[in-house]
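> no sequence on this one, just coordinates:
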């Protein structure tokens, strides 16, 4: 389906341009912009290319994708960045550890080889050698039952579009810092990720993909806290037994 006319109108208004201002930028009469937006005429290829560059969208996105309803189609298709890693004498990658105290500095130093070399490094067995890994120390209780101090071992993702709904990820972001959340991918539709805590005391929130610097898919964790076994939920029979036992104890106390 051709969405060109509605896309031109939506993107022009979003850019704060009048029909006359857009016409001036692409070198046509204002009446032509009106005709484009009403679907009475289609722009020539040269005008289409200028509008695509002006609005920073792909030509096929401008033609065939409902941008107003579905959001940008091609946000975060490129790799996030070139990753800086630390190697040993055999040219094999270490797992660099970003502790809680190092988290703030990591936002400025993640691309600095000297900074990365000064982080603690280690290895874990049974991890695929096809990935780059990094360890991040949890702070706070938003992802219980994982406790503060737990190390999350993440595998690096090159594209935000690789995120699978409901899986857990470490996100290195411009505004939120380093966060570990259960993530839902709405990049294609809205250019955003939806971050959810496992502790329901914390509200979920959106993270625009433009704010994301790195994405690490959780593959393992290291913790000194052993999880408590989950208690079985009480049934009506259990409650009835507890009440009968309590009554029996009260009668014994009264009799004595």
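Structure received. Remember, predicted model here, so these are calculated numbers, not experimental data. Numbering: from 1, shown residues only.

> who does whichever strand or helix holds residue 178 touch, helix- and strand-wise?
Using DSSP states H and E, residue 178 falls within strand 177-186. With contacts taken as 3 or more CB pairs under 8 Å, 6 or more residues apart in numbering; DSSP states H and E, strand 177-186 sits against helix 103-109, strand 167-173, strand 192-196. Where you see a C-beta, it was placed from the backbone N, CA and C, and this is true even at glycine.

> Any chance of the ones you listed in CSV with mean neighbour count, distance to residue 92 and mean pLDDT as columns?
CSV is the format used below for the helices and strands packed on strand 177-186 (neighbours: other CB atoms under 10 Å; distance: least, CB to CB, whole Å; pLDDT from 0 to 100):
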stretch, mean neighbour count, distance to residue 92, mean pLDDT
helix 103-109, 15, 22, 85
strand 167-173, 21, 22, 95
strand 192-196, 21, 32, 92
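
> Rebuild these as a markdown table, extending it with distance to residue 244.
Shown next, in a markdown table, are the helices and strands packed on strand 177-186 (distance: least, CB to CB, whole Å):
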| stretch | distance to residue 244 |
| --- | --- |
| helix 103-109 | 54 |
| strand 167-173 | 44 |
| strand 192-196 | 42 |
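
> closest one to residue 216 among these?
Set against residue 216 and scored by CB to CB, the helices and strands packed on strand 177-186 come closest in strand 167-173, at 4.1 Å.

> worst-scoring helix or strand of this protein, pLDDT-wise?
helix 187-190 (a mean of 72; mean pLDDT, DSSP states H and E).

> So which residues of the stretch 51-200 of the chain form helices?
Along the stretch 51-200 of the chain, counting by DSSP state H, counting those that start in this stretch, helices occupy 59-64, 67-70, 103-109, 113-117, 187-190.

> mind checking which of these is nearest residue 247?
The nearest among the helices of the stretch 51-200 of the chain, by CB to CB, is helix 103-109 at 55.2 Å.

> now the helices of the stretch 51-200 of the chain as JSON lines including distance to residue 88?
Below are the helices of the stretch 51-200 of the chain laid out as JSON lines (distance: least, CB to CB, whole Å):
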{"stretch": "helix 59-64", "distance to residue 88": "44"}
{"stretch": "helix 67-70", "distance to residue 88": "46"}
{"stretch": "helix 103-109", "distance to residue 88": "20"}
{"stretch": "helix 113-117", "distance to residue 88": "11"}
{"stretch": "helix 187-190", "distance to residue 88": "35"}
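
> I'd like to know which of the ones you listed lies nearest to residue 241.
For the helices of the stretch 51-200 of the chain, the distance to residue 241 is smallest for helix 103-109, at 49.6 Å, taking CB to CB.

> Now do the closest one: which elements does it pack against?
Contact partners of helix 103-109 among helices and strands, from 3+ CB pairs under 8 Å, 6+ apart: helix 113-117, strand 177-186.

> tell me the most buried of those?
strand 177-186 (a mean of 20; mean count of other CB atoms under 10 Å).

> sorry, back to before: and the strand holding residue 178, which strands flank it?
Take DSSP bridges as the rule and strand 177-186 pairs in its sheet with strand 167-173 (antiparallel), strand 192-196 (antiparallel).
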